[in-house]
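Visitor: no sequence for this one, just the structure:
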């Protein structure tokens, strides 16, 4: 596969990571090593696993890394929902990020199906 930079799902995942970093700048300072860090690690993991899988030598490996990426998507969604419920993230921001997450998740699943 190797050309992960051309994958729309990777591009959108990188865009989401930038949005998440911007959104978490306003989180309380005491959360820097808690929820903020966890959210940032999750979102970075999405694009990173897509890239790593694309760099592998088989469709099976790529599909496995896409599955890991999807796990990170679910993890991120859970963490953002918690951030929203404890008022670290307003409803409008949450809904916007949720829309991006859903789109990336659908793209990820579709790409996995093409590798079967």
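Guide: That came in fine, so what should we check first? Remember, it's a predicted structure, so these values are computed and weren't measured experimentally. Numbers count the residues shown, from 1 in each chain.

Visitor: drop to CA atoms for contacts and neighbour counts, all remaining ones
Guide: Fine.

Visitor: and residue 32, backbone torsions?
Guide: phi -50, psi -40 (degrees, to the nearest 10).

Visitor: Same question for the one 10 residues further on.
Guide: Torsion angles at residue 42 (phi, psi; degrees, to the nearest 10) stand at phi -60, psi -50.

Visitor: Below-threshold pLDDT in this protein: ranges please.
Guide: Counting by pLDDT under 70, the chain contains low-confidence residues at 1-2.

Visitor: and if we set it to 50?
Guide: Within the chain, no stretch falls below the threshold (pLDDT under 50).

Visitor: so how far is the longest helix seen in it off the chain centroid?
Guide: Secondary structure of the chain read by DSSP state H shows that its longest helix is helix 59-85. With C-alpha atoms, centre = their mean, to the nearest Å as the basis, helix 59-85 stands 6 Å off its chain's centre.

Visitor: can you pull the buried residues of it?
Guide: 59, 61-77, 79-81, 83-84 (16 or more other C-alpha atoms under 10 Å).

Visitor: Check stretch 29-43 too.
Guide: 35, 36, 39, 40, 42, 43.

Visitor: so what does the longest helix of the chain touch, helix or strand wise?
Guide: helix 35-54, helix 91-114 (3 or more C-alpha pairs under 8 Å, 6 or more residues apart in numbering; DSSP states H and E).

Visitor: can you state the direction angle for it and helix 91-114?
Guide: Using axes from the mean of the first three to the mean of the last three C-alpha atoms, to 10 degrees, the direction of helix 59-85 lies 170 degrees away from that of helix 91-114.

Visitor: Can you lay out the buried residues of stretch 29-43 as a markdown table showing distance to residue 113?
Guide: Formatted as a markdown table, these follow (distance: C-alpha to C-alpha, whole Å):
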| residue | distance to residue 113 |
| --- | --- |
| 35 | 32 |
| 36 | 32 |
| 39 | 27 |
| 40 | 27 |
| 42 | 23 |
| 43 | 22 |
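
Visitor: Thanks a lot, see you next time.
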